[in-house]
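J.: Could you work out the structure for the sequence below:
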Amino acid sequence: SEEKYRSLVENVPLVVYRMRPGEDIFFLNQFVEQVFGFSSDELLHNPALWAERVHPEDRQRVLGLRRKSCEEGTELLAEYRIVHKSGQIVYVLDHAIPFRSMEGSITSLDGIIMDMTGRVKLQEQLLRAEGLKTISEVSQRLAHEIRNPLVSAGGFARLLLSSINAEDPNREKVLIIVQEVARLEAILRSIIKYLEPFELSRSQIDLDGLMRSVIEEIRPEIERKHIRLDFHPSAQPTLVPVDQALMEQALAAILKNAVDQVPHQGLLTLSLASG
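T.: Numbering: from 1, shown residues only. Got it, this is the predicted structure:
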């Protein structure tokens, strides 16, 4: 029975410890190395490490709870951080119970420490996801609220423009309003489209062919500026797993920006290489 008990304590995925009042540890199982980065022998020979590895922001609270448990015989239950030997932060749950002698005095604190890092990180991810979802919902609502008066203003401005004679000196001012409203409408459409959830539809796409398609799309702008285009496709077919529509939009945006930056009658060099 003793052998089975010792085997269980040594192999359970928890830190099992026993300490005397005053942080004097006299038993640790092997799993402590997973949490602290130090072997049980290192910690037993240097008990100060036990307290030193508790995160500085949590140390006084944890030491106070242990002291209270040993003095008052109360159960210890605390969540805190441990600084692993590698510097990594480990989140733990410490649960210990005071052990009383036959005379009733507290002779030791018997406890377990559970690694909660995975759970804490999962909670943080869920909170971030929930926060992003809330921001997205608020942004979408705000964008739609802005769109309604903007559409009305644009409609009235275009109606007003159509009713003004070409010789009217105010026509130019109304035209500016129409153009600016149209620009705001385009920006708002982009924002709403960006906020809408989407799913990637990946497939193997020939990047050379996609690049040629995008080049033809912006060909009029290239010819308008008399830009010399030097396109070098990859030596071998380049198949990449991407969402074709999104990749096409990205390439078009990059190339349009490049064309805008190239001076009149300048040279634009494009090359693809398989990695």
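
J.: Tell me which helix or strand residue 81 sits in.
T.: Taking DSSP states H and E as the criterion, residue 81 maps to strand 76-83.

J.: Please give the centre-to-centre distance between that strand and its chain.
T.: Taking CA atoms, centre = their mean, to the nearest Å, one finds strand 76-83 lying 25 Å from the centre of the chain it belongs to.

J.: Buried residues, that strand. List them.
T.: Within strand 76-83, the residues scored as buried using 16 or more other CB atoms under 10 Å are 76, 78, 80-83. Yep, even glycine has a C-beta here, placed from its N, CA and C like the rest.

J.: what's in contact with the helix or strand harbouring residue 256?
T.: If you go by DSSP H and E, residue 256 is part of helix 244-261. Helix 244-261 has contacts (CB atoms under 8 Å, 6 or more residues apart in numbering) with 200-201, 203, 205, 210-211, 213-215, 217-218, 221-222, 225, 227, 240, 268, 270.

J.: The top helix by length along the chain vs strand 76-83, what angle?
T.: For the chain, the longest helix by residue count, based on DSSP state H, is helix 117-163. Using axes from the mean of the first three to the mean of the last three CA atoms, to 10 degrees, the direction of helix 117-163 lies 70 degrees away from that of strand 76-83.

J.: what's the strand holding residue 81 packed up against?
T.: helix 56-72, strand 89-100 (3 or more CB pairs under 8 Å, 6 or more residues apart in numbering; DSSP states H and E).

J.: The last one pairs with which strands?
T.: So that's strand 89-100. strand 76-83 (antiparallel), strand 106-115 (antiparallel) (DSSP bridges).

J.: Just tell me which of these ends up closest to residue 192.
T.: strand 76-83 (41.8 Å; CB to CB).

J.: thinking again about what came up before, for the longest helix of the chain, enumerate the helices and strands it packs against.
T.: strand 89-100, helix 171-195.

J.: Could I get the CA-only coordinates of the shortest one as CSV?
T.: Meaning strand 89-100. What follows is strand 89-100, C-alpha atoms only, in CSV (Å, rounded to 0.1, in the frame of the first residue of the first chain):
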residue,chain,number,x,y,z
ILE,A,89,4.9,32.9,-16.2
VAL,A,90,3.0,29.9,-14.9
TYR,A,91,-0.5,30.4,-13.4
VAL,A,92,-1.3,28.0,-10.6
LEU,A,93,-4.0,27.0,-8.1
ASP,A,94,-2.6,26.2,-4.6
HIS,A,95,-4.8,24.2,-2.3
ALA,A,96,-3.5,23.1,1.1
ILE,A,97,-4.8,21.9,4.5
PRO,A,98,-3.1,22.2,7.9
PHE,A,99,-2.1,18.9,9.6
ARG,A,100,-2.6,18.8,13.3
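
J.: So which bits of that strand are buried?
T.: Applying 16+ other CB under 10 Å to strand 89-100 flags 90-94, 96-98 as buried.

J.: again, but for stretch 152-169
T.: In stretch 152-169, counting by 16+ other CB under 10 Å, buried: 153-154, 157-158, 161.

J.: go on, stretch 235-251?
T.: 238, 242-243, 247-248, 251.

J.: Tell me the one among the buried residues of strand 89-100 nearest to residue 23.
T.: Taking CB to CB as the measure, residue 23 lies nearest residue 96 of the buried residues of strand 89-100, at 12.2 Å.

J.: ok, back up a step: now the angle from the strand holding residue 81 to helix 56-72?
T.: Going by the same axes, to 10 degrees, strand 76-83 makes 150 degrees with helix 56-72.

J.: Dump the buried residues of strand 76-83 into JSON lines; add distance to residue 120 and pLDDT as well.
T.: JSON lines is the format used below for the buried residues of strand 76-83 (distance: CB to CB, whole Å; pLDDT from 0 to 100):
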{"residue": "76", "distance to residue 120": "20", "pLDDT": "91"}
{"residue": "78", "distance to residue 120": "14", "pLDDT": "92"}
{"residue": "80", "distance to residue 120": "11", "pLDDT": "94"}
{"residue": "81", "distance to residue 120": "9", "pLDDT": "94"}
{"residue": "82", "distance to residue 120": "12", "pLDDT": "93"}
{"residue": "83", "distance to residue 120": "15", "pLDDT": "94"}
